[in-house]
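Visitor: have a look at this fold, sequence not included:
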Ligand SMILES: NC(=O)C1=CN([C@@H]2O[C@H](COP(=O)(O)OP(=O)(O)OC[C@H]3O[C@@H](n4cnc5c(N)ncnc54)[C@H](O)[C@@H]3O)[C@@H](O)[C@H]2O)C=CC1
Ligand SMILES: N[C@@H](CC=O)C(=O)O
Ligand code: NA
């Protein structure tokens, strides 16, 4: 059968991994795809020393790949929004199929991109965009289609999990571990996307869309990163029987959908609490199947390439099929999407909380703190008062029962206004993930 010809745009971490996997496993891939898949052209600004590309036509101009009439599939691995958007839209207009690992692009411009792709009759595949090598898009979009999905919760940023694991287990410094994650090729070009939760919010936006059949709505995701966590929080969580993980959570409630990314205390015995390093894990709860868990490498050259190449093979298998019989890009066709399912504001969610505050060590402080919480209907589950460390200030750690975020906001406002309390009150949400 005629080979399928691929053009790779961007030969960095993922582009290099993709090229190497396509080359190394060429014969196995051809057996799976039913025909050979060959790299026809590569657009790169610089050589990738891990790739031997001397038998492939190379250019510096990504748009040469898009305009190359020989190429069937454009593989977008340059990252970012603007040029990547132009590249993908131009490829679609040229009638080429697209494979991308770019979650920022899909989360922000996906509705538009899929509409254009549908009109042009081409496939846009993006498995590598969420949780790297874990086939989570395919699992939800195809494996769980019988279910009403109740919630999805996951560790979906490898860099963040790598940092938290090293801070907890090896007491290493945040900045040093981030630099290591960058050197290993895990981090985004702008690593604030990793540490501020933006990358996880891009991925969660995509997961929510395919799980619940809603349009992509990145602007509605609540996003909080790990940069403000202190080693003390990690230690105190441990004393209380928890691990802090950076989670993306999207949940169906009677009022609407929760869509939130933030550091989270999880009981130590839960599966997600035991996912370490660059590994990701996504738990999906379907009404028929119950809880299911997907685990694997969330970043890195070949793990991510595994997903990119799987998409290329899928496109090679499907490109000759009638487009009306293809699986919808976001699991539900555009007309079947629930456009009126609201994404809830953060004030409306309910969780338990870990609070850390620093107070002056004098009589009555704890009583004043307890009164503020109880006035907001918040009950305390555990309290630790540490020894004074900074002059007269005493760190106080509190665990609360479940309460509405709006009540907690008001309690924190009043706590911070107390003369006894210095600086900001730190809050970390607590999830039991009790598999219901
Ligand atoms: N690194 C990882 O583990 C993962 C990355 N991704 C996504 O994959 C994409 C690529 O990421 P990485 O490979 O890590 O980035 P990278 O920075 O290692 O590679 C990107 C390459 O594209 C090249 N490039 C950028 N603009 C270009 C242009 N206009 N013309 C020609 N070349 C251009 C850069 O020079 C660089 O070599 C991003 O969207 C990222 O979010 C997704 C999953 C995992
Ligand atoms: N920077 C991302 C790369 C994969 O998506 C991460 O660390 O998870
Ligand atoms: Na994936």
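Guide: Received it, and whenever you're ready, just let me know what you need. Predicted model, so just to flag it, every value in this text is computed and none were measured. Ligands and ions are numbered 1, 2, ... in the order given.
Visitor: what parts of the stretch 251-400 of the chain come near ligand 1?
Guide: The stretch 251-400 of the chain comes close to ligand 1 at residues 299, 300, 304, as judged by Cβ under 6 Å from any ligand atom. (Each C-beta comes from the backbone N, C-alpha and C, glycine too.)
Visitor: of the residues you listed, which is the nearest to ligand 2?
Guide: Each of those was scored against ligand 2 by Cβ to the nearest ligand atom, and residue 299 proved nearest at 3.7 Å.
Visitor: the closest one touches residue 278, doesn't it?
Guide: Yes: judged on Cβ atoms under 8 Å, residue 299 makes contact with residue 278 at a distance of 5.4 Å.
Visitor: for residue 362, give me its contacts.
Guide: residue 420 (Cβ atoms under 8 Å, 6 or more residues apart in numbering).
Visitor: picking that back up, tell me, what's touching residue 299 and residue 278 both at once?
Guide: 158, 159, 186.
Visitor: filter the residues of the stretch 251-400 of the chain next to ligand 1 to the buried ones?
Guide: 299, 300, 304 (16 or more other Cβ atoms under 10 Å).
Visitor: so how far is residue 127 from the last one?
Guide: Pointing back at residue 304 there. 10 Å (Cβ to Cβ, to the nearest Å).
Visitor: look up how far residue 105 lies from residue 397.
Guide: On the measure of Cβ to Cβ, residue 397 and residue 105 end up 41 Å apart.
Visitor: neighbour-wise, which of these two wins?
Guide: Between residue 397 and residue 105, counted using other Cβ atoms under 10 Å, the more crowded position is residue 105 (24 against 21).
Visitor: got the confidence number for that one?
Guide: Looking at residue 105, its pLDDT reads 98.
Visitor: before we move on, what about the one 10 residues further on?
Guide: According to the prediction, residue 115 has pLDDT 98.
Visitor: closest one to residue 66 out of the buried ones among the residues of the stretch 251-400 of the chain next to ligand 1, please.
Guide: residue 304 (22.1 Å; Cβ to Cβ).
Visitor: what's that closest one sitting at in phi/psi?
Guide: For residue 304, the backbone dihedrals are phi -70, psi -40 (criterion: degrees, to the nearest 10).
Visitor: wait, doesn't it sit right on residue 133?
Guide: Yes: counting by Cβ under 8 Å, residue 133 is a contact partner of residue 304 at 6.0 Å.
Visitor: which neighbours do those two share?
Guide: In contact with both residue 304 and residue 133: residue 297, using Cβ under 8 Å, 6+ apart.
Visitor: re the thing from before, from the shared contacts of residue 299 and residue 278, which are also near ligand 1?
Guide: residue 186.
Visitor: in helices only, show me the shared contacts of residue 299 and residue 278.
Guide: Among the shared contacts of residue 299 and residue 278, the ones falling in helices (DSSP state H) are 158, 159.
Visitor: among the shared contacts of residue 299 and residue 278, which one sits closest to residue 215?
Guide: residue 158 (26.8 Å).
Visitor: residues near the closest one, how many?
Guide: Residue 158: 27 neighbours (other Cβ under 10 Å).
Visitor: ok, now residue 12?
Guide: With other Cβ under 10 Å as criterion, residue 12 counts 17.
Visitor: my read: it touches residue 51, true?
Guide: No: under the criterion of Cβ under 8 Å, residue 12 makes no contact with residue 51, lying 10.5 Å away.
Visitor: what's the burial count for residue 148?
Guide: Considering only other Cβ under 10 Å, residue 148 is surrounded by 12 other residues.
Visitor: how about it, nearest residue that isn't a chain neighbour?
Guide: residue 287 (4.5 Å; Cβ to Cβ, 6 or more residues apart in numbering).
Visitor: the one you found: what's it in contact with?
Guide: 147, 148, 149, 150.
Visitor: got phi/psi on it?
Guide: Per degrees, to the nearest 10, the backbone of residue 287 is at phi -60, psi -30.
Visitor: domains of the protein?
Guide: Here the domain parsing of the chain from automatic domain parsing is 4-134+302-336, 138-297, 346-430.
Visitor: which stretch in those domains is the model least sure about?
Guide: Of all the domains of the chain, domain 346-430 has the smallest average pLDDT, which comes to a mean of 94.
Visitor: that domain: end-to-end distance?
Guide: One end of domain 346-430 sits 15 Å from the other (Cα to Cα, to the nearest Å).
Visitor: ok, stretch 360-378 next?
Guide: 22 Å.
Visitor: how much space between residue 184 and ligand 1?
Guide: Using Cβ to the nearest ligand atom, to the nearest Å, residue 184 is found at 9 Å from ligand 1.
Visitor: correction: the previous question concerned residue 249.
Guide: Relative to ligand 1, and taking Cβ to the nearest ligand atom, residue 249 is found at 20 Å.
Visitor: name the element that residue belongs to?
Guide: strand 242-252 (DSSP states H and E).
Visitor: can you pull the residues of the chain lying near ligand 2?
Guide: With the criterion set to Cβ under 6 Å from any ligand atom, the chain comes near ligand 2 through 132, 157, 158, 159, 186, 187, 188, 194, 199, 298, 299.
Visitor: between these, which sits nearest ligand 1?
Guide: Closest to ligand 1, out of all of the residues of the chain next to ligand 2 and judged by Cβ to the nearest ligand atom, is residue 299, at 3.2 Å.
Visitor: residue 210 belongs to a helix?
Guide: Yes: assessed with DSSP: H, G, I helix; E, B strand; the rest coil, residue 210 lies in a helix.
Visitor: turn the residues of the chain next to ligand 2 into a markdown table, columns for distance to residue 252.
Guide: Below are the residues of the chain next to ligand 2 laid out as a markdown table (distance: Cβ to Cβ, whole Å):
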| residue | distance to residue 252 |
| --- | --- |
| 132 | 26 |
| 157 | 23 |
| 158 | 27 |
| 159 | 29 |
| 186 | 31 |
| 187 | 32 |
| 188 | 29 |
| 194 | 28 |
| 199 | 24 |
| 298 | 24 |
| 299 | 28 |
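Visitor: where does the residue lying farthest from the centre of the chain land in three-state SS?
Guide: Within the chain, residue 363 marks the point farthest from the mean C-alpha position, 45.1 Å out by Cα atoms, centre = their mean. Under three-state DSSP, the three-state class of residue 363 is coil.
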